[in-house]
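Peer 1: Sequence first, then the predicted structure:
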Amino acid sequence: MYLKRHVSGGFVLAPYLFACASARPVAPPVLEATGWAIQLQGVEKVGARKRLAAAKADLLVVDPTRSVRGRDWYDARGLVSYLHAAGKRVLAYLNVGQAEEYRAYWPDAWRAPTRDAPGDPPFLLALDPDGWPANYPVAYWHPAWRKIVVRAVDEVVADGFDGLYCDWVLGYREPAVVAAARAAGVDPARAMAELVRDMREHARRTHPGFVVVVQNAAYLPDAVPELYGWVDGVAQEDLSFSGAASADWDDPRTGDAPRPREGEDSRAAVAGRLEEWRRHGLLVLTLDYACVPANADEARRFSRAHGFLPFVSRTPLDRLP
């Protein structure tokens, strides 16, 4: 599963990134975070920033929100400053492998893909395979898409975020993407790895120490070993439990579907690949979806037992549990 919500041990970071002359609390380096949390919808609602600031987590992932069409009024810089003052480090969510129809970069002239045909412009390849509406896998190596991503990175840097949380990195394995890459003579795995590398390098020209965490990329270094040196961490969704797409918070389908316990896609197999990231000195976050408290406890226990940093929520990600 991937993170699409809107519808209408260790790496060393430069110490000056975490030093501050003001009196605000100073969060530890990301490596030393004791907890993390993610919220992708409802960040602009009254009281949301206070709840984020009070969260028992020193690393937060939020949607920048002002990148959503019609919400350019939102003060993302103000949110980040507020959370920094509460001793948090803040990463911005960015979908690097899919175009989202509700974003400001999507003009009226674009035509979305259908079940039978790609969209226009031609880098819009297909419908989301998991059923998230208004999300479309893209040919992320296309120059026009890379320009969109660079502009998004510039906005995130300007708003003061400490880094990026990149979703749909696993798109390099999506059949529609693989077919388009082959037709273009592109290696989809290397193209994705180089995209996140270039994003990080671009951001660090003006924001030294900028962090990039890639989601669901546990196996990508098998094809591109250099990736370990191009990013700062990995986040694994559904390590123990997953949930349904596009369901409301109180819907029991938003969690508790167990990952297979045997086979190459089993929990143990994925955890083994994530341990390799740890051996390369990178941060490993896990994101599970569970409504039943016993399942949430099991997901946290399994993650911590492997040295990962867990968070358990429900698939809408529109509040903190």
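Peer 2: Cool, the structure landed.
Peer 1: Okay, strands next: where are they in the stretch 201-321 of the chain?
Peer 2: Taking DSSP state E, counting those that start in this stretch as the criterion, the stretch 201-321 of the chain carries its strands at 211-215, 233-237, 241-242, 257-258, 283-289, 309-313.
Peer 1: Nearest approach to residue 56 belongs to which of these?
Peer 2: Closest approach to residue 56 among those is made by strand 309-313 (10.7 Å; C-beta to C-beta). (Each C-beta comes from the backbone N, C-alpha and C, glycine too.)
Peer 1: Neighbouring strands - and their directions - for that closest one?
Peer 2: If you go by DSSP bridges, strand 309-313 pairs up with strand 283-289 (parallel).
Peer 1: rewinding a little: how about the strands of the stretch 201-321 of the chain in a markdown table, adding mean pLDDT, mean neighbour count and distance to residue 95?
Peer 2: Output for these, formatted as a markdown table (pLDDT from 0 to 100; neighbours: other C-beta atoms under 10 Å; distance: least, C-beta to C-beta, whole Å):
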| stretch | mean pLDDT | mean neighbour count | distance to residue 95 |
| --- | --- | --- | --- |
| strand 211-215 | 97 | 25 | 10 |
| strand 233-237 | 97 | 25 | 13 |
| strand 241-242 | 98 | 22 | 18 |
| strand 257-258 | 96 | 15 | 22 |
| strand 283-289 | 97 | 26 | 15 |
| strand 309-313 | 98 | 23 | 18 |
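Peer 1: Among these, which comes closest to residue 190?
Peer 2: strand 211-215 (14.1 Å).
Peer 1: hang on, the earlier thing: now render the strands of the stretch 201-321 of the chain as JSON lines, adding distance to residue 83.
Peer 2: Below are those laid out as JSON lines (distance: least, C-beta to C-beta, whole Å):
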{"stretch": "strand 211-215", "distance to residue 83": "15"}
{"stretch": "strand 233-237", "distance to residue 83": "19"}
{"stretch": "strand 241-242", "distance to residue 83": "28"}
{"stretch": "strand 257-258", "distance to residue 83": "32"}
{"stretch": "strand 283-289", "distance to residue 83": "17"}
{"stretch": "strand 309-313", "distance to residue 83": "16"}
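Peer 1: Identify whichever of those lies nearest to residue 193.
Peer 2: Per C-beta to C-beta, nearest to residue 193 of the strands of the stretch 201-321 of the chain: strand 211-215, 8.9 Å.
Peer 1: Please name every helix or strand in contact with the closest one.
Peer 2: Here strand 211-215 touches strand 163-167, helix 188-204, strand 233-237, strand 283-289, going by 3 or more C-beta pairs under 8 Å, 6 or more residues apart in numbering; DSSP states H and E.
Peer 1: closest to residue 176 out of the ones you listed?
Peer 2: Here helix 188-204 is closest among these (C-beta to C-beta), at 10.5 Å.
Peer 1: The closest one - contacts with which helices or strands?
Peer 2: Applying 3+ C-beta pairs under 8 Å, 6+ apart, we find helix 188-204 packed against helix 143-158, strand 163-167, helix 175-184, strand 211-215, helix 220-223.
Peer 1: Could I get the pLDDT score of the spatially closest residue to residue 316 that is not a sequence neighbour?
Peer 2: Residue nearest to residue 316 in three dimensions, not counting chain neighbours: residue 249, with 5.1 Å by C-beta to C-beta, 6 or more residues apart in numbering. Reported pLDDT at residue 249 in the predicted model: 94.
Peer 1: Next, count neighbours for residue 249.
Peer 2: A total of 15 residues lie near residue 249 under the criterion other C-beta atoms under 10 Å.
Peer 1: can you tell me which residues contact it?
Peer 2: Residue 249 sits next to 314, 316, 318-319 when contact means C-beta atoms under 8 Å, 6 or more residues apart in numbering.
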